[in-house]
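Undergrad: kindly return the folded structure for what I paste below:
(2 chains)
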Amino acid sequence: MSEVPAVRNVPTSNADLFLSFNWLALQGFGGVLAVVQRELVEKKKWLTLEEFVEDWSIAQMLPGPNVINLALMIGGKHFGWRGALSALAGVLMVPTILVIVIASAIAGVGDTQAMQGALRGMGAVSAGLIMATGIKMLPALKTNPMGLMTCVVLAIVTFLAVAVMRLPLSWVLLTLGPIASTWAWRCISRNESA
Amino acid sequence: MSITLNFQDWVSLFLHFVSLSLLAVGGAITTAPDIHRYLVDEQHWLTHYQFTSSVAIAQGAPGPNVMFVALMGWNVGMNAAAGMSPTPTMLYAVMLALLGVLVTMVGIIVPSATLTFFSTQWAHKNRDLKGVRAFKAGLAPLVMSLLVATGWLLTGNHDNYLEDWPMWALAAVTTVIVWRTQTHLLVLLSGGAVLGMLKII
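TA: Just a heads-up that it's a prediction; the model follows:
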């Protein structure tokens, strides 16, 4: 699996990082994962597929937006903190300007019934998009060392605490997170000794 | 909506996003329920409608979905400008809104970005460590559940079932479509916009 790719590129400068991540962010309508893979692995060849999968799982494990974490990792790998900042600026700058312009344009007509209805409809669709992202993770839980049943119970408790009881996220994560991780540790130990 | 924000309120706003930054495991969107609790339910700095439309616009626009935080900061700033007397100029209102963007975005990004930058090397070298694997495995079901909880909160305040049910239906249908098919996101968002405009939902 670890054969050397025919062409192996690296970002040439901080400006290259900035522009590449800019372009990447602008194509990402929600489904950023596919865009990242196409751009960085297939087109630019900055990463092999194996490196990408590894980097992406670390980016997901750490707190913060996944694409931003990935940008920091790739930028930092090639040009240290300057590279990380260039990539970060690339991911954030144009999208921030764009989203404010779009929101202001909508606010101009925001009082009309039609616009409010449209945003309501888009809101329901975004709700579905986010829920689907969560549901798509279910198959991955089957291979979780804690077992599927424990995962489902943990997921239900988290849902009840956050969505129904509306407890602060920090309480929920700082209580359930260590419990779940400790339990996972025990399960991994048991699997390894078995 | 018009609100009054003093210096201390701006600091609280900043600190709230700072405190959420390191909790955003699985993406900034998983902190949305807590942002709702704080900004809408507790402080009343943002309406439920502004909250949901910020998420919807950020999803429909290109870029990482953490942009919803920038829009909420923008809206809080605009609400603060609307609460001033005498009414400030448009330029002043925009400056205040930009301050909102800066305060919320710096708060949500800087702590997690710093942690990512410094811990990446370490985690990469130690990816086989049992501690790293246990952390990942333990958080996986929580992250999944937070995404579903976020979707749930976005479908309404859940205090008016008669008014909310068409939203639930559309959200549920969207969930199934995204789960089962490769339909482009923009097609779905436009579809939702049209249904909303025609007052079907």
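
Undergrad: residues in contact with residue B:32?
TA: By CB atoms under 8 Å, 6 or more residues apart in numbering or on different chains, the residues touching residue B:32 are B:55, B:68, B:150, B:153-154. (Each C-beta comes from the backbone N, C-alpha and C, glycine too.)

Undergrad: chain A: which of those is nearest?
TA: residue B:154 (3.7 Å; CB to the nearest CB).

Undergrad: and for residue A:54, the neighbour number?
TA: If you count neighbours by other CB atoms under 10 Å in any protein chain shown, residue A:54 ends up with 14.

Undergrad: element containing the closest residue to it other than its chain neighbours, please.
TA: Spatial nearest neighbour of residue A:54, excluding adjacent residues (CB to CB, 6 or more residues apart in numbering or on different chains): residue B:127 at 7.1 Å. Remark: residue B:127 resides in no helix or strand, with elements defined by DSSP states H and E.

Undergrad: show the model's pLDDT score for the residue nearest to residue A:173 when sequence neighbours are not counted.
TA: Sequence neighbours aside, residue B:23 is the residue nearest to residue A:173 in space, at 5.3 Å (criterion: CB to CB, 6+ apart). What the model reports for residue B:23 is a pLDDT of 90.

Undergrad: if any of the contacts of residue B:32 are buried, put those into a ChimeraX selection.
TA: Burial among these is assessed by 16 or more other CB atoms under 10 Å in any protein chain shown; the matching ChimeraX selection reads:
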select /B:55,68,150,153,154
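
Undergrad: out of the contacts of residue B:32, which are close to chain A?
TA: The subset of the contacts of residue B:32 within reach of chain A, by CB under 8 Å from any CB of the partner chain, is B:55, B:150, B:153-154.

Undergrad: now the most centrally placed residue in chain B: how far from residue B:52?
TA: Compute the mean C-alpha point of chain B, and by CA atoms, centre = their mean the closest residue is residue B:32, 4.3 Å away. Per CB to CB, to the nearest Å, residue B:32 is found 10 Å from residue B:52.

Undergrad: quick check: closest non-adjacent residue to residue A:45.
TA: Per CB to CB, 6+ apart, closest to residue A:45 is residue A:9, 4.7 Å.

Undergrad: that neighbour and residue A:40, how far apart?
TA: In terms of CB to CB, residue A:9 sits 10 Å off from residue A:40.

Undergrad: and residue B:4, that's in a helix?
TA: No - Residue B:4 is assigned coil when assessed by DSSP: H, G, I helix; E, B strand; the rest coil, not a helix.

Undergrad: dump the residue contacts of it.
TA: B:80, B:83-84 are the contacts of residue B:4 under CB under 8 Å, 6+ apart.

Undergrad: rerun at 6 Å
TA: By CB atoms under 6 Å, 6 or more residues apart in numbering or on different chains, the residues touching residue B:4 are residue B:83.

Undergrad: angles on the backbone of it, please.
TA: Per-residue torsions, residue B:4: phi -120, psi 120 (degrees, to the nearest 10).

Undergrad: residue A:182 - how many residues pack around it?
TA: 12.

Undergrad: got a list of contacts for the one helix or strand it maps to?
TA: Residue A:182 belongs to helix A:169-193 when assigned by DSSP H and E. By CB under 6 Å, 6+ apart, the list of residues contacting helix A:169-193 from outside reads A:145-146, A:154, A:161-162, B:23, B:34, B:130, B:134-135, B:137-138, B:142.

Undergrad: would you mind measuring from the closest residue to residue B:100 other than its chain neighbours to chain A?
TA: Of all residues beyond its chain neighbours, the one nearest residue B:100 is residue B:77 (3.0 Å), with distances taken as CB to CB, 6+ apart. The spacing between residue B:77 and chain A, counted by CB to the nearest CB, to the nearest Å, is 11 Å.

Undergrad: am I right that residue B:77 is in a strand?
TA: No - assignment of residue B:77 by three-state DSSP gives helix, placing it outside any strand.

Undergrad: ok, it - contacts?
TA: Neighbours of residue B:77 in contact, by CB under 6 Å, 6+ apart: B:96-97, B:99-100.

Undergrad: rewinding a little: what helix or strand is the residue nearest to the centre of chain B on?
TA: Element membership for residue B:32 (DSSP H and E) is helix B:32-35.

Undergrad: so after that helix, what's the next helix or strand?
TA: Downstream of helix B:32-35, the first helix or strand assigned by DSSP H and E is helix B:48-60.

Undergrad: where does chain B have low pLDDT?
TA: For chain B, the stretches flagged by pLDDT under 70 are B:121, B:123-124, B:157-159.

Undergrad: buried stuff in the helix holding residue A:182?
TA: In helix A:169-193, counting by 16+ other CB under 10 Å, buried: A:169, A:172-173, A:176-177, A:180-181, A:183-185, A:187-188.

Undergrad: and those, which is the shakiest by pLDDT?
TA: Among the buried residues of helix A:169-193, residue A:169 has the weakest pLDDT, 81.

Undergrad: how near is residue B:54 to chain A?
TA: Noted for residue B:54: a distance of 8 Å to chain A, by CB to the nearest CB.

Undergrad: for chain A, name the helix or strand with the lowest mean pLDDT.
TA: One helix or strand of chain A scores below all others by mean pLDDT, DSSP states H and E: helix A:32-36, with a mean of 68.

Undergrad: any weak-confidence spans in chain A?
TA: For chain A, the stretches with pLDDT under 70 are A:1-7, A:28-34, A:110-111.

Undergrad: give me the residue at the spatial middle of it.
TA: Geometric centre of chain A, nearest residue: residue A:66, 3.0 Å, by CA atoms, centre = their mean.

Undergrad: sounds good, over and out.
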